[in-house]
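> What follows is a predicted structure for the sequence shown.
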Amino acid sequence: MRLLNKRSLALMGAFGGAQKYVSTLSPLGSVFNSIPAPKKTDWDSTSKENKGLFLIPELTSQVGFDLLRNSVEHEVDRLVVEALSPNRKRKIVTIFDEMSNTLCCVADMAEFVRVSHPDHDFRVAAEYAVVNLSNVVESLNTNTAIYNVLKEVLESGEDVVPMDAVDQRVGHLFKFDFDLSGCHLSDSKKKTYVKLSENVIMMGNMFMEGCHASVEIPKDQLPDHLRHCFNLDGDNVVVSGAHLDHWNDQVREAAYRVYHYPMESQARLLDALILNRHKLATLAGFPSFAHRALKGTLAETPEMAEEFLNALSERIKPIAEKEHKQLLKLKKEKASSNDKVLRPWDTPYYSALGRHLKYNISGEEFAPYFSLGNCMEGINIVLRSLYDVSLQALEPQNGELWSNDVYKLAAVHRTEGVLGYIYCDLFDRPGKHMMDCHCTIRGGREQDDGTYQLPIVVLNCNLNRPSGNIPTLLTPGLMRNLFHEFGHAMHSMLGRTKYQHVTGTRCPTDFAEVPSEFMEFFATDPRVISLFARHFRTGELLPMEAIKKYCKASNMFSATEMQVQIVYSMLSQKLHGKNPLEKSTTELYAEIHNQYMGVPYVEGTAPHLRIGHLNGYGARYYSYLMSRAVASEIWQQCFKEDPLDREMGERFRREVLAHGGEIPPKDLINAMLQKPLTIDDMVDALVENMNV
């Protein structure tokens, strides 16, 4: 594929008088600052052959999903026969990973298409494939014959071909997946296990729907002067969020109390979800669901996770108390009500106001300096400096993309060549419902012929499209989030694992966020920002004084924000620990809130019933904080003095990014830091980062 340069050429004319700046942009920056190119067939009529979605030949139409599904089912059947053969020639873990790769290359791609493709027929066909392949996975995970072969090999430590440490670890991870599916249980217990698993999925989905549901109340329950602040539906007021950024204290209070009112149906769903998870875990031999969820993670046990959270809480408490005094002082000066107590609905609003008043900055003021092209160039500078890797825009083939405004990139090492491909689906569009995320389409792995299966990922964001001669402009928060998502992408691109089952982000949750949290540090370092923050029209550099103000402002009131994360993290541990609970989930939330937050709990509210991550993350909500702590320690020990140090970058790639989940995360981190990582180290790193 040749580099896409038609977009950058189009940009030269689109910006008229801004040629001075355009000429300073790299080809990559020019591409992302341009209006997304039309379909290839619109400007290259000689290439009309449909190459298929993601260049998969079968996917020239949605019918291809049936072809792919049938092919996968036949290949899996063949591999099962090979695994059970007495004349087997290959390692059992190699065969298992080939099964996993065969399934994931279609199932992961189909799952993405199911939720992202704008064409209804494609989405339906993809969903049908996902459902059918999920059934194949379930049948494999409960296949006692292949489970027993794997178990015997792992227990004896011997296979038809000698195993190394990676083979052993990945084999045990496969076995753990079997155990999580109840494959080791008796037939009667297995049926119970399957039923409980179905209940967990159903209850979790229903709970998630309730997390985002609007609340309707009779409008006469609100004072006249507040009703107009919300949507009206006949005689009812519709509250669709907590309105935490509204300037009026009374509006925020009303929205908070209504939106977080304890919904009985939602509370019952959470109770059922927790109970079924506990039964699932104990049936599989774990003391609690938290023990099941944390096995093999960086935290290792619920006890260590709670020790980390408690230590962090104690260290930041005096910092948070100082912040609360500042916020309360600000509220007394600026409040639109007579309430002189700091409330949960106050802290986000007055934190933002405090940052603005102290540093006299706003996200909108920085946005002209953070055009999408500039931000992509900033990411490219970091990657070139640390890893000798550059992002190169590629010309998409006909039929390859699901939407015309998607960019395709190759991650290219100066000497190693192409490492993988990144599709950037960055713009909002009607019917697009995905949140900002990183999706694996194909994982990397070593192949039998000695080559490497290159990874393919999609980065999804919901940015505004370029308009006229104005490129997409990012607030500092959006810029930071873009860096975060590219941290995930480079974890996939730079991974060079033997097996795809453990490639890139396929590792424990509390470690998977480390590379993305690490990338955020570059988005808040003045030395790095100064390399790419230029005004999109004039090319003027963002003054260093303004950059430093932004970086300092981003750290203000961080202890207050962290206390909220500690409350949610500790709640997820307690909900999934000892069962039955000794009190209602609302009573438990209130207790934890008052213990770990300096702002008192509000009676008659249940904010925890809106925490969707209680479904997706379960007992692993702490992962955000622990990953941030590990990334902070790596940054401070290895990159603080020189954020673009090539030697440290190569070490980070070699010791951390290259291995995905094939080595225990604690061993990777210890190798990077060249010392054991302790809870005190992690807490110190987070506190030190607050003081920067």
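Sure thing, it's come through. Residues are numbered from 1 along each chain as shown.
> only C-alpha atoms for contact and neighbour calcs from this point on.
Will do.
> what's the longest strand in this protein?
In the chain, taking DSSP state E as the definition, the longest strand is strand 417-427.
> Give me the buried stretch members for that strand, please.
Within strand 417-427, the residues that qualify as buried are Val418, Leu419, Gly420, Tyr421, Ile422, Tyr423, Cys424, Asp425, Leu426, Phe427, counting by 16 or more other C-alpha atoms under 10 Å.
> Could you list every helix and strand in contact with that strand?
When contacts are defined as 3 or more C-alpha pairs under 8 Å, 6 or more residues apart in numbering; DSSP states H and E, strand 417-427 sits against strand 407-413, strand 456-463, helix 476-494.
> Averaged pLDDT, whatever helix or strand Asp681 lives in. What do you get?
Secondary structure here is read from DSSP states H and E; on that basis Asp681 sits in helix 679-690. The predicted model gives helix 679-690 an average pLDDT of 95.
> any weak-confidence spans in this structure?
For the chain, the stretches with pLDDT under 70 are 1-24, 36-47, 363, 692.
> Contact partners for the closest residue to Leu401 other than its chain neighbours?
Nearest-residue entry for Leu401: Leu53, 5.9 Å, with adjacent residues in sequence omitted and distances by C-alpha to C-alpha, 6 or more residues apart in numbering. Remark: with contacts taken as C-alpha atoms under 8 Å, 6 or more residues apart in numbering, Leu53 is in contact with Leu59, Thr60, Gly399, Glu400, Leu401, Trp402.
> Give me the buried subset of those residues.
The neighbour-count test (16+ other C-alpha under 10 Å) marks Leu59, Thr60, Gly399, Glu400, Leu401, Trp402 as buried among the contacts of Leu53.
> So the fifth one sits against Phe54, correct?
Yes. With the criterion set as C-alpha atoms under 8 Å, Leu401 and Phe54 qualify as a contacting pair; they are 6.6 Å apart.
> Isn't Ser351 up against Leu327?
Yes. Counting by C-alpha under 8 Å, Leu327 is a contact partner of Ser351 at 6.8 Å.
> shared neighbours, those two?
Where contact means C-alpha under 8 Å, 6+ apart, no residue is in contact with each of Ser351 and Leu327.
> out of the helices and strands packed on strand 417-427, deepest packed?
Mean neighbour count, computed with mean count of other C-alpha atoms under 10 Å, is highest for helix 476-494 among the helices and strands packed on strand 417-427, reaching a mean of 24.
> next SSE after that one?
Under the assignment DSSP H and E, the closest C-terminal helix or strand after helix 476-494 is helix 509-512.
> Count the residues that sit near Met435.
Number of residues near Met435 (other C-alpha atoms under 10 Å) recorded here: 9.
> cool, and the one 10 residues further on?
Arg445 sits with 24 neighbouring residues when counted by other C-alpha under 10 Å.
> Spit out the contact partners of it.
Applying C-alpha under 8 Å, 6+ apart, the residues near Arg445 are Tyr452, Gln453, Leu454, Arg496, Thr497, Lys498, Tyr499, Gln500, Thr503.
> Quick check: the fourth one touching Gly661?
So that's Arg496. No. Contact status for Arg496 versus Gly661: not in contact, 10.9 Å apart, counting by C-alpha under 8 Å.
> Between those two, tell me which one has more neighbours.
When neighbours are counted by other C-alpha under 10 Å, Gly661 comes out ahead of the other of Arg496 and Gly661, with 28 against 25.
> and the gap between the more buried one and Arg227?
According to C-alpha to C-alpha, to the nearest Å, Gly661 stands 52 Å off from Arg227.
> Then His535?
Distance, His535 to Arg227, by C-alpha to C-alpha: 41 Å.
> cool, and Asp642?
The value you get for Asp642 to Arg227, if C-alpha to C-alpha is used, is 54 Å.
> same thing with Gly417?
Here Gly417 is placed at a distance of 61 Å from Arg227 (C-alpha to C-alpha).
> Which phi and psi values does the residue nearest to Leu401 adopt?
Backbone torsions for Leu53, taken as degrees, to the nearest 10, come to phi -60, psi 130.
> sorry, back to before: turn the contacts of Leu53 into a markdown table, including distance to Leu180 and secondary structure.
Listed next are these as a markdown table, based on distance: C-alpha to C-alpha, whole Å; DSSP: H, G, I helix; E, B strand; the rest coil:
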| residue | distance to Leu180 | secondary structure |
| --- | --- | --- |
| Leu59 | 33 | helix |
| Thr60 | 37 | helix |
| Gly399 | 39 | coil |
| Glu400 | 37 | coil |
| Leu401 | 36 | coil |
| Trp402 | 35 | coil |
